[in-house]
Each structure stands twice: as structure tokens, then as C-alpha cells.
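> Sequence plus the predicted model coming up.
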Amino acid sequence: MTRTENLIHEPKLTWEQVNAIRRNYRWHSSTHGCKSLAERYGVSTNTVHKIVRGKTWKPRPGGDDVQPPKLKPNHTRLFSSFAASTESLRTQLAALQDFK
């Protein structure tokens, strides 16, 4: 039994197309972003976004489907460097206040 037998509507995409979207997607790309991939495959940008995020077309157990890519740069690293610089500024401000 295939996964589309019990569906009310036939899906617009195949698993091959979904895997190609996940392989080709590039964050903030004008040629491989949500909008251009949506136009290429005839679906909405929201559909491509959900596929890339893994909200729809979730990888099949035991299948060789492409996993949803990591979308954004590591914000944890950015936040930790910001927190460290903030702490440094606090230390400097405290030293200036003690100097008065």
C-alpha cells in the first residue's frame, strides 16, 4: 500500500521532487530559495517552506529521504559572543563607577 492511497487529494509533488527541494534549498538565495523553488515545482512558497522545515513530507522511517536542512546559522554561537561582550562592558562600567 502506498502512502497516497488513503488521501482525499492526490499530492502535487512526488518524493523525488521533495528530496530535490531539500537538496537544492539555500537560505536567502534568489535562485534556490523558497520563492524560486516554488515557481519551479508549481507550488506555493508556504509549501516549500513547510517541506524545508520538515513540517510536511516528513522523512519516512527506514527510507532514504533527504533530511530537512539546517536553515539558519548557529545563533547560539552569536548569542554567546554577544553575552560575553556585554559582560565585558558591564565590568568596564563597574570599574569606571568605582573610579569616581
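Looks like it came in fine. Numbering: from 1, shown residues only.

> for this structure, what are the low-confidence residue spans?
Along the chain, segments meeting pLDDT under 70 span 1-6, 69-85, 99-100.

> Quickly list the domain ranges of it.
Split into domains by automatic domain parsing, the chain comes to 1-68, 70-100.

> Please identify the nearest residue in space to residue 68, excluding sequence neighbours.
Using Cβ to Cβ, 6 or more residues apart in numbering and skipping residues adjacent in sequence, the residue nearest residue 68 is residue 54, 3.6 Å away. Any C-beta I mention is one placed from the backbone N, CA and C, and that applies to glycine too.

> Could you give the number of residues near the one you found?
By other Cβ atoms under 10 Å, 14 other residues sit near residue 54.

> mind checking how far it is from residue 45?
16 Å (Cβ to Cβ, to the nearest Å).

> can you check residue 88 too?
42 Å.

> still on that earlier bit, which of the domains of the chain has the highest mean neighbour count?
Per residue and on average, the most neighbours among these fall to domain 1-68, with a mean of 14 (mean count of other Cβ atoms under 10 Å).

> close enough to count as contact, residue 53 and residue 68?
Yes. Applying Cβ atoms under 8 Å as the test, residue 53 and residue 68 come out as touching, 6.1 Å apart.

> Helix, strand or coil: sort out residue 92 for me.
helix (DSSP: H, G, I helix; E, B strand; the rest coil).
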